[in-house]
Structures are given as C-alpha cells and as structure tokens.
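In: Have a look at this prediction, sequence included:
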There are 2 protein chains.
Amino acid sequence: MVACGLAFSAIRELKVRGAPLIGVVGAYGLVQSITGNGNDDLLTAERLKGARPTVVNLAWVMDRVLRASLGGSREEAKNIFNEELNSARLIGVNGEPLISEGDSVLTHCNAGALATADYGTALAPLRMAKAKGKRFRVFATETRPVMQGSRLTAYELLKDGFDVTLIADTAVGCTMSRGMIKKVIVGADRVFNDGATINKIGTFQVVSLAKRFGIPFYVALPLSTLDLEGNKATTKIEERGSVELEYIRGKRVAPRGIKTFNPAFDITPRI
Amino acid sequence: MVACGLAFSAIRELKVRGAPLIGVVGAYGLVQSITGNGNDDLLTAERLKGARPTVVNLAWVMDRVLRASLGGSREEAKNIFNEELNSARLIGVNGEPLISEGDSVLTHCNAGALATADYGTALAPLRMAKAKGKRFRVFATETRPVMQGSRLTAYELLKDGFDVTLIADTAVGCTMSRGMIKKVIVGADRVFNDGATINKIGTFQVVSLAKRFGIPFYVALPLSTLDLEGNKATTKIEERGSVELEYIRGKRVAPRGIKTFNPAFDITPRI
C-alpha cells in the first residue's frame, strides 16, 4: 500500500499530470501494491482512480493491470508505458503535416514531455515539425490557476529552442482578433464518442474563440484517452479547493475568506 | 514638475487605476505643476496623457484643466472630481433596476470604489441594489495579469458584505455553460461612437462567451469615458512589459528569458 499511497498523492497533488503520464504512474502504483487478493486489489485500484476521477486513462489502466495475472501485472504496466511512448510518436508523425512553415500555433495547458510518457500529445506535432526544419511560432497560455502553461509548456519549449510567446489567459481573444493565431492544438483528459472533450479548464473558451475567428482547432490524443462508453452528462468534473486561487507560490493573492469556484476541467462539446 | 512626476508614476505603475480615478489624479497632477506658460503646461499635459495612453479620461481632463485659467485650474480639477462622484451615483441609480433578486452577475477587472472617485461604475448598480435589500451573487474573475479581480474586486465586495465568488479567467466559459451567470457588467476605459469598447484585457472574450450563451452584457461608464471623435483603428492599445507575466508578488512564475505578449486592454466591437 506504500507505493499506491505515493502514486495516489503524486497524482492527486499534481506532481505528475497529463492524462498519459497519470495512467503510467497509476499503473506502476497499482503493480507495486498488488496482492493477488481480488477484493484488496480492486479497492486499491478504486482508490487510485479516485485520485483524478475525470482522467479516463487512470480507470482504463487500472482495469488492464487488474486483468493481468499477479505475475504479469508489471509486464502489463510496462506495456502501457510502451504503448504511450508509441502513441506519442504516432501523434507526432500524423500531426506534423498540420503545421506549416511560418505558422502560429496556440496551445493551452501542457501536453508535452512533462505530461506524457514521451514527447507529448499536443506538442508532439510541433516537435516533429521542428525536427523537420519547419519554422513557426507557438503561443502558450499561462493556464491559471495551476499555470501549467507558464511553468511547463513555456519552460519546455523555450529550453528546446522553440519560438514561444507566453500570454495571459485573458489575452486569447485579443491575440486571435489580431490575426496572430493560425491554429490551436491541445491535449485531452477524456474524449467521448460524440467528440465532446474534457480538458484543462479554459479549453472550452479557447475553442469557442477559435470557432468565432474560423481558426482550425485540433485535439491530440492517444486511444487511451477515448471513453467510448461514457458521456458528458454522467462524468464528474473534478473541482479543486480554493488554495490554487488564494495563493501563488506561497504568496496570498486573494482576500482571506473568499469563496471560489475552481473546476479543474471543462467540457468542449463538438462545435 | 514634482507633483506631475508623482501623478505620472502613480498612474503609469498602476498605483491608481480605473479610468475615472486616473482622470481625477491626472487633473490634480497637472494642477500642481501648472505654470501659466502655455507651452510648458501643454508638455506637462502631454506627458501625463502618455502615462496610460489608452485611457480616454486622461486626455479629456487634461484639456479641461488646460482650458481653465491659471487661477481656476484647481477649481476645474475639483469640478472633475465632483462630476465623477455624481456620475458614479447616477450609474448606480440607473443601473440598479438591471439587478434582480436572486441574480448572478459576473464582473471582470475592477470598476468599483478602488477604481473611481466614488463607489464605482460597474459595481455602482450592485452597490445600489444591495442597499435596496436585493440578494444576489457576484462572480469576480481574477483578471490576470494584474489580478485586479482577486486583489481589488473580491476584496472590496467581500469587505462590504456581498456574496462574491472568485474564479480563474479560464473558468468563465465553464461557469457560463453551467447556467451560473445571468448577467455580465463591466466598466470601460474608452467607448467609441459605434459602441466599440476598450476595457481591461479579457473583456472581449467574456463578452464573446456571454453572447454565445445569450447572457445580457452591460458596460457601465460615465460620459467622461466616451470618445466620440476617435475610433478603434487609430487608438493605440497599451502593451506592457513581461514583468507582469514573469513574476507574481516577487516570485518568478515563468521561465527566465521567455517572450511575452501583454496587451493591457482589448477592444470589444459592438456585437
């Protein structure tokens, strides 16, 4: 149970994040605490699923590891890891033609190397396009309240030599209205049969604005993020506490006692 | 020139903000350094206008103070102050009927007591409605990057006993999609003849989302914020440096060396 506890808190406290990476860490967490006692293992799996209930990969990998034999569970976690690696590369290969020389691509949140088993979902086509020598600009939103855009996407892309510009989440509409964005690409935490997409809070409004300006919008995801059986009416959207809005890096940024509404994800219907 | 320098830096560094209050402080700043020498005074006025070039009130009050006689300039600044006080009250009186019992009103940025000569533009109808005993909820956006929503609006409304909930700028679309917002009300920095409104960055996307959901949207402004002669094509939108995106309360929140695009305002066309 120690390993499961570590995996649980790492996922819950956003020390690992991004649907594919959450899945891989969850799988190894379950493997470490698996006993072969069906009821115990089911309970452990349920607990791990509850760490980020909106992330479909977590439910899916738990089922795969549970279905494997006791001896084969580690092998299954390794398979999951390798499949995610392969998916990321294939997303890159298939998405690369979407990126043109001179392009200007906006991404929201972080769906790069720091969110996945490899070099990303949303960022994979950008990495592949850069490797092919294409030149283009990337705009990264800050992605309040957890700031994955400034802390992770901007960091990761700057470090790897991309031409990346950081904007506030409030500046998306303005930036689009000036014709500065030609494409939008994001990852996903859960995509339903009808195309409805659960992703980081703010995705829905980025998509709405892209639609308004006729800007093509892409969701990059591995098959593990598809939820063909669920639907948006029955999926719980995780709401997080007020700490993320009250403090930034330990500094208070909102008045003591303020009420907050802090959904971690939103749902973008097919539009 | 000392007083003008103080007024200039107070306005430039956002120590005073909100179009009406900027106008009043600018007026007193000019009065303090006025010499009666037309050329010198014109230069001082031009310098003060440059502190926040997008805020129309600043240009307008400079012209009024300059037109007053040397002896009468202080009187004219006082007139401007009193007119803003009166405007805020009238905005409250006229806007109050828009707020219904049980309402749920979203505001962006801060257009309250901390932005104006009195109890606000956007917040004046809310204050008046509360004084009349109406019960309603207010949602305040954080308003990155300067966080006027969390630092000022949430503070001011919480202190004065409103039912106020803080949300991240990324949560506007999600909150609206859940039917949690019935009305939107904001202030303005400059409104043109055709209704196009310059206001805090993020206003345009809040309006776009309100439009999508059929949510009524109101801009509360005094006459001093109208610019009947200008137009959006010829008005410069102030862009601020990267510091606001790189640091929050002295803590670095983005990677060193990151490029930013940081417009302070956006333009909402009549939609």
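Out: Received the coordinates, thanks. Residues are numbered from 1 along each chain as shown, chains lettered A, B, ... in the order given.

In: how about the helix or strand where residue A:155 lies: buried residues?
Out: Mapping residue A:155 onto the secondary structure by DSSP states H and E places it in helix A:154-159. Of the residues in helix A:154-159, those buried by neighbour count under the rule 16 or more other C-beta atoms under 10 Å in any protein chain shown are A:154-158. Using the backbone N, CA and C atoms, a C-beta is placed for each residue, glycine as well.

In: of those, closest to residue B:181?
Out: Relative to residue B:181, the closest of those is residue A:154; by C-beta to C-beta it sits at 30.3 Å.

In: which residues does the closest one contact?
Out: Taking C-beta atoms under 8 Å, 6 or more residues apart in numbering or on different chains as the criterion, residue A:154 is in contact with A:140, A:164, A:166, B:254-255, B:258.

In: ranking those by neighbours, who comes first?
Out: Scoring these on neighbours with other C-beta atoms under 10 Å in any protein chain shown, the highest-scoring entry is residue A:140 at 31 neighbours.

In: just to revisit the earlier point, dump the buried residues of helix A:154-159 into CSV; add pLDDT as well.
Out: Formatted as CSV, the entries for the buried residues of helix A:154-159 read as follows, by pLDDT from 0 to 100:
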residue, pLDDT
A:154, 97
A:155, 95
A:156, 94
A:157, 96
A:158, 97
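
In: Tell me, how many residues neighbour residue A:150?
Out: 27.

In: And it, how close does it get to residue B:260?
Out: Distance, residue A:150 to residue B:260, by C-beta to C-beta, to the nearest Å: 9 Å.

In: Now for the two: what residues contact both?
Out: With contacts defined as C-beta under 8 Å, 6+ apart, the residues shared by residue A:150 and residue B:260 are A:166, B:245, B:254.

In: Residue A:266 in helix, strand or coil?
Out: Each residue gets one of three states, and residue A:266 gets strand by DSSP: H, G, I helix; E, B strand; the rest coil.

In: For it, the count of nearby residues, please.
Out: Neighbours of residue A:266 (other C-beta under 10 Å): 25.

In: Does it touch residue A:199 like I think?
Out: Yes: in this structure, residue A:266 is within contact of residue A:199 by C-beta atoms under 8 Å, at 7.3 Å.

In: Leaving aside the residues adjacent along the chain, what's closest to residue A:205?
Out: Once its chain neighbours are removed from consideration, residue A:205 has its nearest residue in residue B:173; the separation is 3.3 Å (C-beta to C-beta, 6 or more residues apart in numbering or on different chains).

In: And residue A:42, by the same measure?
Out: residue A:66 is the one closest to residue A:42 (C-beta to C-beta, 6+ apart), at 6.9 Å.

In: contacting residues for that neighbour?
Out: The neighbours of residue A:66, taking C-beta under 8 Å, 6+ apart as the test, are A:30, A:41-42, A:45, A:73.

In: farthest-separated two in those?
Out: The most widely separated members of these, counting by C-beta to C-beta, are A:42 and A:73 (13.3 Å).

In: between these two, who's got more neighbours?
Out: Using other C-beta under 10 Å as the criterion, residue A:42 and residue A:73 rank with residue A:73 on top: 22 against 12.

In: all strands of the stretch 101-250 of chain A, in order?
Out: Secondary structure of the stretch 101-250 of chain A, counting by DSSP state E, counting those that start in this stretch: strands at A:103-107, A:136-141, A:163-167, A:183-186, A:190-192, A:197-200, A:217-219, A:226-227, A:247-248.

In: Quick check: closest non-adjacent residue to residue A:95.
Out: Nearest residue to residue A:95 in three dimensions, chain neighbours excluded: residue A:125, at 2.8 Å (C-beta to C-beta, 6+ apart).

In: what's residue A:233 sitting at in phi/psi?
Out: When read as degrees, to the nearest 10, the backbone of residue A:233 gives phi -70, psi -30.

In: Just send the shared contacts of residue A:150 and residue B:260 back as TSV, with distance to residue B:182 too.
Out: Shown next, in TSV, are the shared contacts of residue A:150 and residue B:260 (distance: C-beta to C-beta, whole Å):
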residue	distance to residue B:182
A:166	34
B:245	32
B:254	36
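
In: Specify which member of these is nearest to residue A:8.
Out: Ranked by distance to residue A:8 (C-beta to C-beta), the shared contacts of residue A:150 and residue B:260 are led by residue B:254 at 29.8 Å.

In: Could you verify my assumption that the residue nearest to residue A:205 touches residue A:199?
Out: No: with contact taken as C-beta under 8 Å, residue B:173 and residue A:199 are classed as non-touching, separated by 12.0 Å.

In: Find the residues that touch each one of those two.
Out: Residues within reach of residue B:173 and of residue A:199 at once, by C-beta under 8 Å, 6+ apart, are residue A:266.

In: more neighbours, those two?
Out: Taking residue B:173 and residue A:199 together and counting by other C-beta under 10 Å, residue A:199 has the greater number of neighbours (28 against 25).

In: Now do that one against chain B, distance only.
Out: Distance from residue A:199 to chain B, counting by C-beta to the nearest C-beta, to the nearest Å: 11 Å.

In: give me every residue that touches the closest residue to that residue other than its chain neighbours.
Out: Excluding its sequence neighbours, the residue lying closest to residue A:199 (C-beta to C-beta, 6+ apart) is residue A:188, at 4.8 Å. If you count contacts by C-beta under 8 Å, 6+ apart, residue A:188 has them with A:19, A:121, A:197-199, A:219-221, A:225.

In: Domain-wise, how is chain A divided?
Out: Recorded structural domains for chain A (assignment: automatic domain parsing) are A:2-90, A:97-227.

In: Now do the end-to-end distance for the last one.
Out: To tie it back to what came earlier, the one meant is domain A:97-227. Distance between the boundary residues of domain A:97-227 (C-alpha to C-alpha, to the nearest Å) amounts to 26 Å.

In: Setting aside sequence neighbours, what's the nearest residue to whichever residue of the stretch 51-200 of chain A sits closest to chain B?
Out: Residue of the stretch 51-200 of chain A nearest chain B, by C-beta to the nearest C-beta: residue A:170 (2.9 Å). With C-beta to C-beta, 6+ apart as the criterion, residue A:170 has its nearest non-adjacent residue at 2.9 Å, and that residue is residue B:202.

In: Quick one: residues contacting that neighbour.
Out: A:168-171, A:173, B:108-109, B:141, B:143-144, B:169, B:266.

In: pretty sure residue A:209 contacts residue B:205?
Out: Yes: checked against C-beta under 8 Å, the pair residue A:209 and residue B:205 is within contact range at 5.8 Å.

In: For these two, indicate the residue with more neighbours.
Out: Between residue A:209 and residue B:205, counted using other C-beta under 10 Å, the more crowded position is residue B:205 (29 against 26).

In: Pretty sure the more buried one sits against residue B:172.
Out: Yes: at 7.3 Å, residue B:205 and residue B:172 qualify as touching, with contact defined as C-beta under 8 Å.

In: And residue A:254, how far from chain B?
Out: Distance of residue A:254 to chain B, computed by C-beta to the nearest C-beta: 4 Å.

In: how about that residue, secondary structure?
Out: On the three-state scheme (three-state DSSP), residue A:254 is labelled coil.

In: residues touching the nearest residue in space to it that is not next to it in sequence, list them.
Out: Across the structure, with C-beta to C-beta, 6+ apart as the measure, the residue nearest residue A:254 apart from its sequence neighbours is residue B:150 (4.0 Å). Residues in contact with residue B:150 (C-beta under 8 Å, 6+ apart) are A:245, A:253-255, A:258, B:140, B:142-143, B:166.

In: go on, residue A:115?
Out: Listed by C-beta under 8 Å, 6+ apart, the contact set of residue A:115 reads A:17-21, A:121, A:148, A:152, A:187.

In: Can you name the next helix or strand after the strand or helix carrying residue A:58?
Out: Residue A:58 belongs to helix A:56-67 when assigned by DSSP H and E. Per DSSP H and E, helix A:56-67 leads on to helix A:73-95 as the next helix or strand towards the C-terminus.
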